[in-house]
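In: Here is my input; please provide its structure:
(one chain, ligands or ions: 1)
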Amino acid sequence: MTITTRATLMQSQSPVERYLNTLIAEISQIDEGKIADYIPELAKANPDHLAVVVVTVDGKVYAAGDADVPFTIQSVSKPFMFGYALQEYGLEAVLRKVGVEPTGDPFNSIVLDDVNNRPFNPMVNAGAIAMSELLRGADAAEREAAQMTFFSSLAGRELTMDETVYRSESETGHRNRAIAYMMLNSGMINGPTEEVLDLYFRQCSILVSARDLAVMAATLAAHGRNVLTGERVISPGNVRDVLSVMATCGMYDYAGQWMFDVGLPAKSGVSGGIIAVLPGQLGIAVYSPRLDSVGNSVRGIEICKRFTRDFSLHAY
Ligand code: DON
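Out: Here you go, the predicted structure:
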């Protein structure tokens, strides 16, 4: 880019976008972290992709970096599926299927709460798989369609699935199978287990961009009304419950340090996305596939730390 073009571009940007572009330029110098490769297809991500998008509750979008690069949503989907279950069944019924306690264990740990056999929370795989069983529909195709419709309503556009990642998830997801069958054994799921798992693998393989995730995060910030379309997707009371679990369990076994440093409810996924929510104000999404040892995006965490520090957004 020539100097004149860059100067013209800078002038056309809002102060927030200028700030975000500077932040991206600085954070791109960090080269730590490793792309997830336990699902072979995820290993094909570009390690240099980096994006941050902020969306306000009144629908303003501020984007920098690779904001429109598609990647699979992975575990960033989990709080939303918890929201779906709350919408469809209510809190009491959902709490019979899943708890709200952090585990301190990795997301894929094969462990249930031994008092009542529930998964500890909806942010770990066991809890998310239990939520997949709650999708409504007369058959597998209808349940799959219900899932896509729900996520599309959150993003404000029609989303699609990455078939190749889905197949890779399904072919290599033996640990998730072990978790699901353990829950079948303890009566925590009842449905056809392979079909429930299939819905979970499909959920993880939904394609989003950082821009989509920021809209979804802003929808939580706006108490469940999509900030672009105005559609009511989750009720305010259910959003409160979703955000509470994100605050305590959203960042794997880093959740405590995250809350200490950033101070906002958040959720990360192994493809490198993170969302964070400032209730009543804005949603943030970052994307960078280089992960730390617990599975969080290294650059993503750094962006969130810097952004919340620079704008004093920590909840406390
Ligand atoms: O279950 C798995 O292995 C992944 N597809 C879920 C990914 C993820 O982001 C892990 N998070 N909690």
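In: just the strands in the stretch 1-150 of the chain please.
Out: Listed in chain order, the strands of the stretch 1-150 of the chain (DSSP state E, counting those that start in this stretch) span 51-56, 61-65, 71-72.
In: I'd like the ones you listed written out as a markdown table, with distance to residue 167, mean pLDDT and mean neighbour count added.
Out: C-beta coordinates here come from the backbone N, C-alpha and C atoms, glycine included. Output for the strands of the stretch 1-150 of the chain, formatted as a markdown table (distance: least, C-beta to C-beta, whole Å; pLDDT from 0 to 100; neighbours: other C-beta atoms under 10 Å):
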| stretch | distance to residue 167 | mean pLDDT | mean neighbour count |
| --- | --- | --- | --- |
| strand 51-56 | 26 | 98 | 26 |
| strand 61-65 | 29 | 97 | 21 |
| strand 71-72 | 12 | 98 | 27 |
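In: Tell me which of the ones you listed lies nearest to the ligand.
Out: Across the strands of the stretch 1-150 of the chain, the ligand has its closest neighbour in strand 71-72 (7.9 Å, C-beta to the nearest ligand atom).
In: one step back: could the strands of the stretch 1-150 of the chain go into a markdown table alongside distance to residue 147?
Out: Formatted as a markdown table, the strands of the stretch 1-150 of the chain follow (distance: least, C-beta to C-beta, whole Å):
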| stretch | distance to residue 147 |
| --- | --- |
| strand 51-56 | 23 |
| strand 61-65 | 25 |
| strand 71-72 | 14 |
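In: could you dump the ones you listed to TSV with distance to the ligand?
Out: Output for the strands of the stretch 1-150 of the chain, formatted as TSV (distance: least, C-beta to the nearest ligand atom, whole Å):
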stretch	distance to the ligand
strand 51-56	17
strand 61-65	21
strand 71-72	8
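In: Quick check: which of those is nearest to residue 22?
Out: strand 61-65 (8.6 Å; C-beta to C-beta).
In: Restrict that closest one to CA atoms and write it as CSV.
Out: Output of strand 61-65 as CSV, limited to C-alpha atoms (Å, rounded to 0.1, in the frame of the first residue of the first chain):
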residue,chain,number,x,y,z
VAL,A,61,-19.9,-2.3,13.8
TYR,A,62,-16.1,-1.5,14.2
ALA,A,63,-13.9,-4.1,12.5
ALA,A,64,-10.1,-4.5,12.0
GLY,A,65,-8.0,-7.2,10.5
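In: ok and that strand relative to strand 51-56, angle-wise?
Out: 170 degrees (axes from the mean of the first three to the mean of the last three C-alpha atoms, to 10 degrees).
In: and of the strands of the stretch 1-150 of the chain, who's closest to residue 135?
Out: Of all the strands of the stretch 1-150 of the chain, strand 71-72 sits nearest to residue 135, with 18.4 Å by C-beta to C-beta.
In: Apart from its chain neighbours, what residue comes closest to residue 270?
Out: By the measure of C-beta to C-beta, 6 or more residues apart in numbering, the closest residue to residue 270 outside its immediate chain neighbours is residue 36, 4.3 Å from it.
In: what's the answer for residue 76, then?
Out: Ranked by C-beta to C-beta, 6+ apart and with sequence neighbours excluded, the top spatial neighbour of residue 76 is residue 269, at 4.2 Å.
In: My guess is the one you found contacts residue 75. True?
Out: Yes. Residue 269 is in contact with residue 75 according to C-beta atoms under 8 Å; the separation is 4.1 Å.
In: what about the closest residue to residue 205 other than its chain neighbours, is that helix, strand or coil?
Out: Of all residues not flanking residue 205 in the chain, residue 166 sits nearest, at 3.8 Å (C-beta to C-beta, 6+ apart). Classification of residue 166 by DSSP: H, G, I helix; E, B strand; the rest coil places it in helix.
In: give the contact list for the most centrally placed residue in the chain.
Out: When C-alpha atoms, centre = their mean is applied to the chain, the residue found nearest the centroid is residue 76 (1.3 Å). Residue 76 makes contact with 208, 213, 267-269, 273-275 under the criterion C-beta atoms under 8 Å, 6 or more residues apart in numbering.
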